[in-house]
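1. compute the structure for the input listed below.
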Amino acid sequence: MQRKSSFTGLLITALCAVVSCCLNKQFHFVNEGGKTWEKAQQYCREKYIDLAFISNQDEVDEFNNISTTDYVWIGLYRDPSNPTEWKWSGGWNSSFRFWEKGQPNNLNGIQNCVDVKNLEMNDKQCTEKYPFVCTVQPTLIYCNTVINTVRKSHLSVFII
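-> Below you'll find the predicted structure:
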């Protein structure tokens, strides 16, 4: 039983490594005169996936490749039912954040949406108009190294 459990754990770890290596989240910068956070969310959902969500430092680095020095909306917002919680546009909680010094400050109690400037988050009033960044469909990237490593471990991995 111990051996089967270890093998299953190794297989799951290998599969996760292959999937995370092969899927590359991408962002798209949109500047059409600026939109409110809600209109930006609607636009991203209609044309791409959603407003940008950033889960780790690698994605911050990727975001840096398309971000400008202007304020841009991302998909982070304050949960109205729990004002100390921040959620992504898709509804899940955010644990990875990179706030500007002194932020979030919820100035006048009306700053419930988040923008980014110079790779720092700032809470803003959702009705302000800014360019925004959407998350687009992830693409497959070349990940032969990871697949070969898995094969050398004598594991068969099938990607569906």
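2. CA only for contacts and neighbour counts going forward, please
-> Noted.
3. let me see the ranges of the strands in the protein.
-> Secondary structure of the chain (DSSP state E): strands located at 23-35, 50-51, 72-78, 86-88, 111-117, 120-125, 130-140.
4. any stretches of this protein with poor pLDDT?
-> Low-confidence segments of the chain (pLDDT under 70): 1-25, 67-69, 138-160.
5. list the contacts of the closest residue to residue 115 other than its chain neighbours.
-> Excluding its sequence neighbours, the residue lying closest to residue 115 (Cα to Cα, 6 or more residues apart in numbering) is residue 73, at 4.2 Å. Listed by Cα atoms under 8 Å, 6 or more residues apart in numbering, the contact partners of residue 73 are 37, 40, 51, 113-116, 130-133.
6. about what we covered before: residue 66: which of the strands of the chain is closest?
-> Closest to residue 66 of those, according to Cα to Cα: strand 23-35, at 6.4 Å.
7. and that closest one, what does it pack onto?
-> helix 57-66, strand 130-140 (3 or more Cα pairs under 8 Å, 6 or more residues apart in numbering; DSSP states H and E).
8. between strand 130-140 and that strand, find me the angle.
-> 160 degrees (axes from the mean of the first three to the mean of the last three Cα atoms, to 10 degrees).
9. neighbouring strands - and their directions - for strand 23-35?
-> Take DSSP bridges as the rule and strand 23-35 pairs in its sheet with strand 130-140 (antiparallel).
10. could you dump the partner strand to PDB, C-alpha only?
-> Coordinates of each C-alpha in strand 130-140 appear next as PDB, following Å, rounded to 0.1, in the frame of the first residue of the first chain:
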ATOM      1  CA  TYR A 130      -8.400  53.200 -16.800                       C
ATOM      2  CA  PRO A 131      -6.900  50.900 -19.500                       C
ATOM      3  CA  PHE A 132      -6.900  47.300 -18.300                       C
ATOM      4  CA  VAL A 133      -5.300  43.900 -18.700                       C
ATOM      5  CA  CYS A 134      -7.100  40.700 -19.600                       C
ATOM      6  CA  THR A 135      -6.100  37.200 -19.100                       C
ATOM      7  CA  VAL A 136      -6.200  35.300 -22.400                       C
ATOM      8  CA  GLN A 137      -6.400  31.600 -23.100                       C
ATOM      9  CA  PRO A 138      -3.200  29.800 -22.000                       C
ATOM     10  CA  THR A 139      -1.100  28.500 -24.800                       C
ATOM     11  CA  LEU A 140       1.000  25.300 -24.900                       C
END
